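Chemist: mind folding the following:
(one chain, ligands or ions: 1)
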Amino acid sequence: MSRPLDEQVFADRVLNDWLDGMGLGIEYTRAEGNTLYFTDGDGQEVAVLDHVCGFGALIFGHHDPEIVEHAKSVLDRQIPVFAQLSRQSHAQDLAAMLNAILRREVPDTGPGYAAIFANSGAEAIEICMKHAELERQARVAKLVQEVDAHIEAARQALREGRATVGEDPQVRPEQSGDGLDPGEALIAEVERRNAALLARGPVYLALEHAFHGKLVASVQLTRNPVWRVPFASLGPSTVFLPPDRPEAMKAAVEGVRESLWDVVLDDGVVNAVARDYPVIGAFFVEPVQGANGMRPLTEASARAIRAVCDEVGCPLVVDEIHSGMGRTGAFFASSHMGLRGDYYTLAKSLGGGIAKNSVALFHRDRFRPEFEVIHSSTFAKDGFSGALARKVLDMLEAEGGRAYARAAERGDRLREVLESVRAEFPDVVDAVEGIGLMLGLEFTDQSQASSDPIGEPARAGTLGYVIAGYVLREHRIRVLPVGPAGNSVRFEPSVHLTDEDIARTGAALRDVCAILRHQEGHRLVR
Ligand code: F0G
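Modeler: Coordinates of the predicted model:
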């Protein structure tokens, strides 16, 4: 295929050059199951085993025949795809089904969860941010109303000479003696401090290594500074907490908390007292951290996270965009660690590998019904993606959840092979992480490698891409690194992964490990 001249390239000019440099610049022309195909120079179709599977968006693989059949029949029946602001019962059907699954997997779901549909993962996350802000503002308004009433009562009592200011009123006016009496000065200072606090936006909590999206608000919850920092001024601030150190997590949360000043009138004495102010909007958590070598939370961290949210009173948002939809052997990965969310997000495989779809679920004890009216999107909740989502849920739930068992079993087989590679090459493989069909293999740090073609990309943080290019060229297997972790690769194939696929993957990894062990970097590059 002839390539357009540089000045004629209007899309992916930089990206394609970069992909070429890594040996990943291949155009795939067909996809089926766990296989992508490209056409080589002789016009022959070449099969590539796909371990990326749409960044984990293809639990049933590319073009699953049942899903494709369903998509065709939906189009043939001319179901309305876009009929915004009309009754759309598919939304209720999907939400009811998700609630049934939640009730089975998660204890204490109470009155269940209300659903708001969206188009992408990041959008579902931002919907959660918006809803959490509505919740927070309602709590702030209630608190402010109480404080205002107290201030009014104190002011009245001071004016009528029924009260005096306490000896140690907690709040000291910055400037006194400017004509205000001590009571008025105290109240003015309380109001000044409260106004400054009320003008501030919320702070969100997330975990170190978190990935929750790249839109202007969701990127604030994504830890990697390369993606987040240039846009920090556009969104609310986030405090990133260490999942495995509950005490440090608690201490960091204490550092974020704020107090609003209240004025109390007690027995003719007026004092200021600090009241807990809801500055924390929500705590966002991935049950399996995709950008952290595919690392599941431990039960202890899950408990610590839940405890923080209960203590602070903010919603816990369990981001199942990556880990949900059966990939880990249960519909919700969080159910493995007994983590109950106040909100949940799903996306990726919800689209059946064909459409784009996402959903945010809100516990109905917290749900603010006006949100259904004040949030909307042209494309969200469309009939086509709704029909496909229903199909995927039916397929996952069929035969007592055979697909979940299959994901767990295939994941275990793949993991066994990754573990055997690690056992054979402990000098170059650091860790195998993950659960079900969400696995990562981490190579040891190669930044001091004696072979330049290994050491240079390792220092640049791109060794994972170089390895991916090699595995693609020599073994016809597609892997990619885990987020910014440059020395690891991820595996998130579909439930259709075969024993032969797994064996081929093992052989390819052994080959890569031998290159690293013997420092034969020249073999990695063409
Ligand atoms: N949350 C999680 C846990 C994700 O893994 C992703 C995307 C998102 C949110 C954002 O979803 O891309 O649809 O806006 N993860 C991709 C990945 C990019 O590399 O696995 P999005």
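Chemist: next one: the residue nearest to Asp108 when sequence neighbours are not counted from Phe284, what distance?
Modeler: The shortest distance from Asp108 to any non-neighbouring residue, by CB to CB, 6 or more residues apart in numbering, is to Arg340 (6.3 Å). Any C-beta I mention is one placed from the backbone N, CA and C, and that applies to glycine too. Arg340 sits 15 Å away from Phe284, going by CB to CB, to the nearest Å.
Chemist: now swap in Leu205 and tell me
Modeler: 7 Å.
Chemist: do the same with Asp276
Modeler: In terms of CB to CB, Asp276 sits 21 Å off from Phe284.
Chemist: the more surrounded of those two?
Modeler: Shown here are Asp276 and Phe284; by other CB atoms under 10 Å, Phe284 has more neighbours (28 against 14).
Chemist: three-state assignment of that one?
Modeler: Following DSSP: H, G, I helix; E, B strand; the rest coil, the label given to Phe284 is strand.
Chemist: contact partners for it?
Modeler: For Phe284, the contact set (CB atoms under 8 Å, 6 or more residues apart in numbering) comprises Ile125, Cys128, Tyr204, Leu205, Ala206, Leu207, Ala210, His212, Leu221, Val317, Asp319.
Chemist: a markdown table for these, including pLDDT?
Modeler: A markdown table is the format used below for the contacts of Phe284 (pLDDT from 0 to 100):
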| residue | pLDDT |
| --- | --- |
| Ile125 | 98 |
| Cys128 | 98 |
| Tyr204 | 98 |
| Leu205 | 98 |
| Ala206 | 98 |
| Leu207 | 98 |
| Ala210 | 96 |
| His212 | 98 |
| Leu221 | 98 |
| Val317 | 99 |
| Asp319 | 98 |
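Chemist: just flag the most distant two among the residues you listed.
Modeler: For the contacts of Phe284, the maximum inter-member distance is 15.3 Å, found between Cys128 and Leu207 (CB to CB).
Chemist: quick one: which of these two has more around it?
Modeler: Ranked by neighbour count (other CB under 10 Å), Cys128 and Leu207 place Cys128 first, with 32 against 24.
Chemist: so what's the residue count around the residue nearest to Lys348 when sequence neighbours are not counted?
Modeler: Once flanking residues are discounted, Lys348 sits nearest to Ala57: 3.9 Å by CB to CB, 6+ apart. Ala57 has 22 neighbours, counted by other CB under 10 Å.
Chemist: list the contacts of Ala57.
Modeler: Listed by CB under 8 Å, 6+ apart, the contact set of Ala57 reads Ala347, Lys348, Ser349, Gly351, Gly353.
Chemist: can you narrow the residues you listed down to the ones near the ligand?
Modeler: When CB under 6 Å from any ligand atom is applied, the members of the contacts of Ala57 adjacent to the ligand are Ala347.
Chemist: low pLDDT regions in the stretch 51-200 of the chain?
Modeler: 174-178 (pLDDT under 70).
Chemist: would you mind naming what in it lies close to the ligand?
Modeler: Residues of the stretch 51-200 of the chain lying near the ligand (CB under 6 Å from any ligand atom): Phe55, Gly56, Ser120, Gly121, Ala122, Ile125.
Chemist: quickly note the distance from Gly54 to Leu439.
Modeler: The value you get for Gly54 to Leu439, if CB to CB is used, is 16 Å.
Chemist: quick one, which of these two is more surrounded?
Modeler: Neighbour totals were compared for Gly54 and Leu439, and Leu439 leads with 24 against 17 (other CB under 10 Å).
Chemist: how near is the more buried one to Gly352?
Modeler: 23 Å.
Chemist: identify, from the contacts of Ala57, the entry nearest to Trp18.
Modeler: Once CB to CB is applied, the member of those that ends up nearest Trp18 is Lys348, at 24.3 Å.
Chemist: now do the contacts for the closest one.
Modeler: Lys348 sits next to Gly54, Phe55, Gly56, Ala57, Gly121, Ile321, His322, Gly324, Met325 when contact means CB under 8 Å, 6+ apart.
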